[in-house]
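**Student:** got a structure for you, letters missing:
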């Protein structure tokens, strides 16, 4: 049975990277709680409309905004238009991210820039763009999606780990800076999650991964979504600046 967070009903929450994987599961879970989910997209308008309809079928309201989180000008224009003409945004899930596994010896400057720009700088600039709006909203909660790799590091993921570790430092700073305005900021660090990417792995590889996890399985995306809903709700009203692992005990 899913926990029901009644204060999420009609809460306006922006979720980045909601087209697939964890981000989509979060958007669906929020919609089921009756929230107004705002999501960004690039390119195909028809796909954005389809996602909007899918989310609203769950019981909430949905609004697509067309911008890339690495395009600050387009981002601020879309956000300003929405917050001025529709409603203040009181929840933010910085979920959009990319990864490219490359050994340090082969890591190229453009690969570093791409990962940092999306995973860290994009989240920073989006939060900054919304900061003035947050001062006008109520019960604001920011959830930054890092990774257990940001805590423990990993072979061939130096740039990715650095971007996710940076997100933790940024989130803690935001928690301190905006606490006086009742704005909370927390981090989720997922471990191995069942997504499109992990589903391409062979059964043997999945079994090897499971051996390193005390709970001996990968997480369902819905389990990350449930934690996200909790952190966005008033049920977590006294939690800020925290880093919460959801990894089945992988990094104890």
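**Tutor:** Good, I have the coordinates. Keep in mind it's a predicted model, so treat the numbers as computed, not measured.
**Student:** quick one: residue 80 from residue 143, how far?
**Tutor:** 22 Å (C-beta to C-beta, to the nearest Å). Every C-beta, even on glycine, is put in place using the N, C-alpha and C of the backbone.
**Student:** the more surrounded of these two?
**Tutor:** Counting neighbours by other C-beta atoms under 10 Å for residue 80 and for residue 143 shows that residue 143 has the greater number, 26 against 14.
**Student:** Now do the same for the more buried one: helix, strand or coil?
**Tutor:** Secondary structure, DSSP: H, G, I helix; E, B strand; the rest coil: residue 143 is strand.
**Student:** so it bridges to which residues?
**Tutor:** Residue 143 has the following beta-bridge partners by DSSP bridges: residue 93, residue 186.
**Student:** So that it lines up with my notes, have the first residue be 35 from now on.
**Tutor:** Got it, the first residue is 35 from now on, which makes the last one we talked about residue 177.
**Student:** Isn't it up against residue 161?
**Tutor:** No. In this structure, residue 177 is not within contact of residue 161 by C-beta atoms under 8 Å, at 11.0 Å.
**Student:** Give me the common contacts of these two.
**Tutor:** Common neighbours of residue 177 and residue 161, using C-beta atoms under 8 Å, 6 or more residues apart in numbering, are 126, 128.
**Student:** Which residues are in contact with the closest residue to residue 209 other than its chain neighbours?
**Tutor:** Computed as C-beta to C-beta, 6 or more residues apart in numbering, the closest residue to residue 209 that is not its neighbour in sequence is residue 275, at 3.6 Å. With contact set as C-beta under 8 Å, 6+ apart, residue 275 has these partners: 205, 206, 209, 210, 219, 220.
**Student:** what about residue 275, distance to residue 143?
**Tutor:** 33 Å.
**Student:** hmm, back to that, next one: the residue nearest to residue 209 relative to residue 116, how far apart?
**Tutor:** Taking C-beta to C-beta as the criterion, residue 275 is separated from residue 116 by 28 Å.
**Student:** Likewise for residue 81?
**Tutor:** Note on residue 81: its distance to residue 116, by C-beta to C-beta, is 19 Å.
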